[in-house]
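Visitor: build me a model:
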Amino acid sequence: MIPNYHVLIVKHVGATNENAAQVKIISERFKCSVKIPYTNDPGASTPSLDTAIIWLNKRGYKIIGKGEGKDHYYLITDTFESLK
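Guide: Residues are numbered from 1 along each chain as shown. Below is the predicted model of the structure:
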């Protein structure tokens with residue numbers, strides 16, 4: 001049997017005249033998303049992804065895998081909670 005996981009999409013949202021850069025985390029399972037402040041850590045190889053992982057870990061999400069899309073990342077978790 002193949003295990004079921006919660007897949008999250010992580011996208012970088014560039015700065016605008018009104019807003020600083022952000023990271024958007026999308027849960028298609030729960031049909032919701034959150035935008036969080038982007039943290040530019042010069043030591044991070046993937047700052048948007050690292051920002052999302054830190055935010056999710058602080059909220060109890062256990063990240064068990066990741067993947068890359070054309071203009072976004074995927075995070076895989078066995079935590080089945082809504083982002084909000």
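
Visitor: Ser45 versus Gly65, what's the distance?
Guide: Plainly put, Gly65 is 17 Å away from Ser45 if you go by C-beta to C-beta, to the nearest Å. All C-beta spots, glycine's among them, are computed from the backbone N, C-alpha and C.

Visitor: now do Asp71
Guide: Relative to Ser45, and taking C-beta to C-beta, Asp71 is found at 17 Å.

Visitor: then His72?
Guide: For His72, the distance to Ser45 equals 16 Å [C-beta to C-beta].

Visitor: more neighbours: those two, which one.
Guide: Per other C-beta atoms under 10 Å, whichever of His72 and Ser45 has more neighbours is His72, with 15 against 7.

Visitor: how about the more buried one, what does it touch?
Guide: Ile9, Val10, Lys11 (C-beta atoms under 8 Å, 6 or more residues apart in numbering).

Visitor: tell me what the first one is bridged to.
Guide: When assigned by DSSP bridges, Ile9 has beta-bridge partners Ile26, Tyr74.

Visitor: can you report how many residues lie near it?
Guide: 17.

Visitor: for the chain, what spans make up the strands?
Guide: Using DSSP state E, the strands of the chain run over 6-13, 22-27, 32-37, 63-68, 73-77.

Visitor: so which of these is nearest Thr51?
Guide: Nearest of the strands of the chain to Thr51, taken as C-beta to C-beta: strand 22-27 at 4.8 Å.

Visitor: who are the packing partners of that closest one?
Guide: strand 6-13, strand 32-37, helix 47-58 (3 or more C-beta pairs under 8 Å, 6 or more residues apart in numbering; DSSP states H and E).

Visitor: quick one: it to strand 32-37, angle?
Guide: 160 degrees (axes from the mean of the first three to the mean of the last three C-alpha atoms, to 10 degrees).
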